[in-house]
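>>> Okay, sequence plus prediction incoming.
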Amino acid sequence: MPVGHPNSPFSRNVLLAYSDPARPLASLSNGNNASLQVTFNATFGEWRATLSSKYDDRSRSYSSDFTGPIPGGLITLGAATNPFAASPAGLIPVSTTVTSTINITRDVQLDLEGPLANLPAGQLRLRAGLGATWLSLDGASTNLANARHFRRREYEARAGLTIPLTGNADGSPGGIGRSEFSIDSARSDLGSQGSAHSVAMALTWQPISWMRLTLSQNEESAAPSPELLAAPTITTPNVRYFDPVTGQTVDVTMISGSSGALANENRRLRHASLQLRPWTAYNLQLSTDLLITDLRNQAGALPLPSPAVVAAFPGRFVRDGNGVLVLVDTTTVNFERQHSSELRSGISFGVPLSARPSAGMRGPDGKPVKRSKARPMLQVNASFTHVFTSTTTIRSALGEVDLLAGGAIGLAGSRARNGADGSVAISDRGVGLRAAFAWRGPSTLVTGTALAPDRLQFDPFTRFDLKLFADASQLFGPSPVTRGLRVTVAVDNLLGSRQQVRNGAGITPLGYQPIYRDPLGRLISVEVRKVF
């Protein structure tokens, strides 16, 4: 309200702050999926052939309201507007941005598998296949200049062999046990986007019937998905954002979508696995897996900033003259390389809660009791993961970031060294209850600058989920209505738990308040599924 305004009792310019409850800013997303898959199987002696085709259509739309633009950041009230008689909040401009994408995949695959020859330890088996995939993505936004159109076709040829090394021809372990070696290779022609390939090798040794040891290595290159290459650009102002350099939460203008220029990803996975099944009556399984993963040129959206990310992409973070972050460009990028090694241990077993009727058993009415494979079961699964190393190099000119020692490529904290998950389920002929938990150990995130460092502490976090499901035909008897009908009630995050985050002063930054990190908290959902 400028000085001299006819309705102003003030002797100077005055700033008035208003909100407009009648026009809350809203975001709406909508998605539709349509999929059709047809598969033909054929058998020629011991050879099997499969011809499959798939059509997948996914459409997404997203609309977002935001304030602005307001030249100079202020609205000057005219002489005809009396802010004390009625709220002038209606003068605040509200704009809506609408973005939509249509992603279509057409795919045809032909696979052939069968024995080539009989060896002393078993059959030498061949796998071969051909495939063709056509991908398209069309994206548009309110700003038609951001429309994107993407097309790619992929032709693939693949082949593999399984070679038995030791053991008996009937599949039994034999003297030193049963072992086999398998190798698979594939190459894809991506047209103007070059090519991709994969090679997988595995050596399996089964010294006794209930023990299996597997060593494998898988190397592959893959082109980025159409969404990463051609998603339309979206500019959204007034996004609340945590700045790790200053430790402040500010409102920024965010640019998201595809940058359009991404290299193919390369992945190498080395895996050693030991599986034990010592008690088949209860299907007891013990497993230990060592995984070593190396990634190059991993593609994705620019993550939330950490000091390492800001240093690697300085042009993506724009500040005003006072050093306040005002714009962030999160369009897609490639990361130089990542390396991790971890050990996973797990246990699972199932306990029947009732005995299966024996042959000749009769009920109270004297009639024979029908034997059924289905009976109440208690299923228990649990696993524990320990991470030995986890590092990333965002750009070759920068140093390696240790994700286990306060380094991060996002703001979710560095990687937790330890984690566990498990579930307990009781089921009986289509009716059951499943309880699950996931635990994540503590982690830290180094923020600030070299001259003014700070550290965010992420507390250990445990989440519990609960799911109850029932086939209607088991509850109400078989009928045309209940046949193929299943009702599921799920409660995610049963206790409404949220991870706590604090800086060196014991304060939770605004961007890490629990309501921002997990707005939903406890989520209750009901699903009704009918198979016709």
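Okay, I see it.

>>> can we go C-alpha only for contacts and neighbour counts from here?
Noted.

>>> all helices of the stretch 401-532 of the chain, in order?
Remark: helices assigned in the stretch 401-532 of the chain by DSSP state H, counting those that start in this stretch are 472-476, 514-517.

>>> May I see the buried residues of the shortest one?
Residues of helix 514-517 classed as buried under the neighbour-count rule (16 or more other C-alpha atoms under 10 Å) are P514.

>>> now that helix: mean pLDDT?
Across helix 514-517, pLDDT averages out at 81.

>>> quick one, which of the helices of the stretch 401-532 of the chain is nearest to P83?
helix 514-517 (33.6 Å; C-alpha to C-alpha).

>>> what residues does that closest one touch?
The contact list for helix 514-517 (C-alpha atoms under 8 Å, 6 or more residues apart in numbering) reads R498, Q499, Q500, G511, G521.

>>> now the residues you listed: which count as buried?
Buried, going by 16+ other C-alpha under 10 Å: R498, Q499, G511, G521, out of these.

>>> So which one of those is the model least confident about?
Lowest pLDDT among the buried ones among the contacts of helix 514-517: G511, 76.

>>> ok, of the buried ones among the contacts of helix 514-517, which one's closest to N32?
For the buried ones among the contacts of helix 514-517, the nearest to N32 is G521 (25.7 Å; C-alpha to C-alpha).

>>> doesn't V491 make contact with the closest one?
No. If you go by C-alpha atoms under 8 Å, G521 and V491 don't touch, sitting 10.4 Å apart.

>>> sorry, back to before: with distance to G139 added, can I get the contacts of helix 514-517 in CSV?
Below are the contacts of helix 514-517 laid out as CSV (distance: C-alpha to C-alpha, whole Å):
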residue, distance to G139
R498, 36
Q499, 36
Q500, 38
G511, 31
G521, 32
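
>>> From those residues, pick the one nearest Q474.
For those, the nearest to Q474 is G521 (32.7 Å; C-alpha to C-alpha).

>>> who's in contact with the closest one?
Here G521 is in contact with N493, G496, S497, R498, I515 (criterion: C-alpha under 8 Å, 6+ apart).

>>> For the second one, grab the count of nearby residues.
When you say that, I think you mean G496. A total of 15 residues lie near G496 under the criterion other C-alpha atoms under 10 Å.

>>> how about the worst-scoring helix or strand of the chain on mean pLDDT: buried residues?
In the chain, the helix or strand scored least confidently by mean pLDDT, DSSP states H and E is helix 307-312, which has a mean of 76. For helix 307-312, the neighbour count (16+ other C-alpha under 10 Å) marks P307, A308, V309, V310, A312 as buried.

>>> before we move on, what about stretch 245-259?
245-247, 249-259.

>>> again with stretch 51-70
Of the residues in stretch 51-70, those buried (16+ other C-alpha under 10 Å) are L51, S53, Y55, S59, S61, S63, D65, F66.

>>> surely A223 meets A263?
Yes. Counting by C-alpha under 8 Å, A263 is a contact partner of A223 at 7.4 Å.

>>> so V14 sits right up against H5, yeah?
No. V14 is beyond contact range of H5, at 10.3 Å (criterion: C-alpha under 8 Å).

>>> more neighbours, these two?
In this view V14 and H5 are compared by other C-alpha under 10 Å, and H5 has more residues nearby, 18 against 11.

>>> Tell me the spatial nearest neighbour of that one, not counting adjacent residues.
In space, and not counting its chain neighbours, H5 is closest to A79: 6.0 Å by C-alpha to C-alpha, 6 or more residues apart in numbering.

>>> pLDDT weak spots in the stretch 151-300 of the chain?
For the stretch 151-300 of the chain, the stretches with pLDDT under 70 are 169, 171-173.

>>> which residues of it fall in strands?
Along the stretch 151-300 of the chain, the segments classed as strands by DSSP state E, counting those that start in this stretch run 178-189, 195-208, 211-222, 234-243, 248-256, 265-279, 284-300.

>>> and the contacts of G521 as JSON lines, adding distance to S473?
Conversion of these to JSON lines gives the following (distance: C-alpha to C-alpha, whole Å):
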{"residue": "N493", "distance to S473": "29"}
{"residue": "G496", "distance to S473": "33"}
{"residue": "S497", "distance to S473": "36"}
{"residue": "R498", "distance to S473": "38"}
{"residue": "I515", "distance to S473": "41"}
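
>>> Pick the one among the residues you listed closest to S390.
R498 (24.9 Å).

>>> what sits up against stretch 53-69?
25-39, 92-109, 236-238.

>>> In ChimeraX, how would I select just the buried ones from the residues you listed?
Buried residues among the contacts of stretch 53-69 (16+ other C-alpha under 10 Å), as a ChimeraX selection:
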select :92,97,98,99,100,101,102,103,104,105,106,107,108,109,236,237
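
>>> Which ones among the contacts of stretch 53-69 map onto strands?
Members of the contacts of stretch 53-69 lying in strands (criterion: DSSP state E): 27-39, 94-109, 236-238.

>>> rewinding a little: let me know the closest of the contacts of helix 514-517 to G300.
G511 (22.4 Å).

>>> Now tabulate the strands of the stretch 151-300 of the chain in JSON lines and tack on distance to G167.
Formatted as JSON lines, these follow (distance: least, C-alpha to C-alpha, whole Å):
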{"stretch": "strand 178-189", "distance to G167": "4"}
{"stretch": "strand 195-208", "distance to G167": "9"}
{"stretch": "strand 211-222", "distance to G167": "13"}
{"stretch": "strand 234-243", "distance to G167": "60"}
{"stretch": "strand 248-256", "distance to G167": "57"}
{"stretch": "strand 265-279", "distance to G167": "19"}
{"stretch": "strand 284-300", "distance to G167": "23"}
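
>>> W134: which of those is closest?
So among these, strand 178-189 is nearest, using C-alpha to C-alpha, at 11.8 Å.

>>> For that closest one, which helices and strands make contact with it?
Packing contacts for strand 178-189, counted by 3 or more C-alpha pairs under 8 Å, 6 or more residues apart in numbering; DSSP states H and E, involve strand 148-166, strand 195-208.

>>> Just the buried residues of the first one, please?
The one in question is strand 148-166. 148-149, 152-166.
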